[in-house]
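# turn this into a structure:
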Amino acid sequence: MVDEKIEMNNDNETYTATGSSDPQNLQELTQYVQNLLESIQIKFQNMSDQILSRIDEMGNRIDDLEKNIGDLMTQAGVEGTEK
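Numbering: from 1, shown residues only. As a prediction, this is how the structure comes out:
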């Protein structure tokens, strides 16, 4: 009944969920679907965490860049603009 392969790819990992045995009844099918959805949810949570981590890292880099630009402007004797 369920003999399909589902793959999710990103730059670093390949996720595969393969139905190794056909569910024989509604209970087995329900369990299979729940396991598949849990697996997908975990993968999306991991990707979400990676994205948030990269956004935080980018924010820190922007803050450092603004500070360095301010320091260079001070060294050059240029007045910074008020925000």
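# pLDDT weak spots in the chain?
When residues are selected by pLDDT under 70, those of the chain lie in 1-22, 79-83.
# if we go to 80?
For the chain, applying pLDDT under 80 flags the ranges 1-23, 79-83.
# for it, just list every one of the helices.
In order along the chain, the chain carries the following helices (DSSP state H): 26-76.
# how far away is residue 35 from residue 51?
25 Å (CB to CB, to the nearest Å). In short, each C-beta sits where N, CA and C put it, glycine included.
# got it, and residue 64?
On the measure of CB to CB, residue 64 and residue 51 end up 21 Å apart.
# with residue 77 instead?
Applying CB to CB, the value for residue 77 to residue 51 is 41 Å.
# more neighbours: which of the two?
The residue with more neighbours, out of residue 77 and residue 51, is residue 51; 10 against 6, by other CB atoms under 10 Å.
# and the more buried one, how close does it get to residue 59?
13 Å.
# any common contacting residues for these two?
When contacts are counted by CB atoms under 8 Å, 6 or more residues apart in numbering, the set common to residue 51 and residue 59 is empty.
# just give me the neighbour total for residue 30.
11.
# what residues are up against it?
Applying CB under 8 Å, 6+ apart, no residues qualify as near residue 30.
# if you set the cut-off to 10 Å instead, what comes out?
By CB atoms under 10 Å, 6 or more residues apart in numbering, the residues touching residue 30 are residue 23.
# return the distance of it relative to residue 36.
11 Å.
# go on, residue 57?
Distance from residue 57 to residue 36, by CB to CB: 32 Å.
# compare these two (neighbour count), which wins?
residue 36 (14 against 10).
# quick check: the more buried one vs residue 43, distance?
11 Å.
# ok, now residue 67?
Going from residue 67 to residue 43 by CB to CB gives 37 Å.
# more neighbours, those two?
When neighbours are counted by other CB under 10 Å, residue 43 comes out ahead of the other of residue 67 and residue 43, with 15 against 10.
# number of nearby residues for residue 29?
Neighbour count for residue 29, taken as other CB under 10 Å: 14.
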